[in-house]
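1. Just the structure for this:
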Amino acid sequence: MKMRILALALLFSAHGSRLSAQDLGLEIGSIAPSAALETLDGKPTDLNTWVGKQPVVMEFWATWCPNCVELEPTMKAMFAKYGKQVAFVGVAVSVNQSAERAKLYVEKHALGWHQVFDRRGNATSAYDVPATSYVVVLDKAGKIVYTGLGGKQDLETAIKKVLAP
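-> Predicted structure coming up:
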């Protein structure tokens, strides 16, 4: 699985390919799975901490991912605008990076939302992550309403959908 993510991430970044939302990953309308992870400080946690309690925007990312860097301003803008209504969770994948490296990146780039580390690939496997820069948006019940991949994604439309009455 780790090699698959790395290969796809390199392929997309090298060729500038962009997949549109809903092309890969979990099916829209399915219930988001739980997954055991750890904090960037190495403490155990689970995606159930956020899933099923409020809307969630989850990004699977890596420090070395150019699409993730491209998506970062959008994530920051959405967090600034909707962070009080929606849980934002960054899932740092363990391919070619450590929790310590991810933590330093988060601090340097001022990523103010929740960050976890997928050391064993539990979340990557459970969410059928096709590559880094993969975003999943969940409604309050934990149902998947959006998946997308790449540095340019319309996250605001998905967020507005989960906040609509």
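2. looking at it, residue 106 is touching residue 97, isn't it?
-> No - in terms of CB atoms under 8 Å, residue 106 does not count as a neighbour of residue 97; the distance is 11.5 Å. All C-beta spots, glycine's among them, are computed from the backbone N, C-alpha and C.
3. can you pull out the strands in the chain?
-> For the chain, the strands identified by DSSP state E occupy 36-39, 44-46, 56-61, 87-93, 114-118, 134-138, 144-149, in order along the chain.
4. and the longest one, what does it pack onto?
-> The reference is to strand 87-93. Judged by 3 or more CB pairs under 8 Å, 6 or more residues apart in numbering; DSSP states H and E, the packing partners of strand 87-93 are strand 56-61, helix 66-82, helix 99-108, strand 114-118, helix 122-126.
5. one more time with 10 Å, if that's ok
-> In terms of contacts (3 or more CB pairs under 10 Å, 6 or more residues apart in numbering; DSSP states H and E), strand 87-93 is packed against helix 2-15, strand 36-39, strand 56-61, helix 66-82, helix 99-108, strand 114-118, helix 122-126, strand 134-138.
6. ok so, going back, shared neighbours of residue 106 and residue 97, which are they?
-> Contact criterion CB atoms under 10 Å, 6 or more residues apart in numbering; residues shared by residue 106 and residue 97: 61, 63.
7. ok, back up a step: of the helices and strands packed on strand 87-93, which is nearest residue 48?
-> strand 36-39 (9.3 Å; CB to CB).
8. who does that closest one touch, helix- and strand-wise?
-> strand 44-46, strand 87-93, helix 99-108, strand 114-118, helix 122-126.
9. now these in CSV, with distance to residue 76, mean neighbour count and mean pLDDT?
-> Rendered in CSV, the data for the helices and strands packed on strand 36-39 read as follows (distance: least, CB to CB, whole Å; neighbours: other CB atoms under 10 Å; pLDDT from 0 to 100):
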stretch, distance to residue 76, mean neighbour count, mean pLDDT
strand 44-46, 23, 13, 96
strand 87-93, 10, 24, 97
helix 99-108, 12, 16, 96
strand 114-118, 13, 23, 96
helix 122-126, 22, 19, 94
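10. and residue 157, which of those is closest to it?
-> Going by CB to CB, the one of the helices and strands packed on strand 36-39 nearest residue 157 is strand 87-93, 16.2 Å.
11. relative orientation of that closest one and strand 56-61 in degrees?
-> In this structure, strand 87-93 runs at an angle of 20 degrees to strand 56-61, with axes from the mean of the first three to the mean of the last three CA atoms, to 10 degrees as the basis.
12. Alright, calling it a day.
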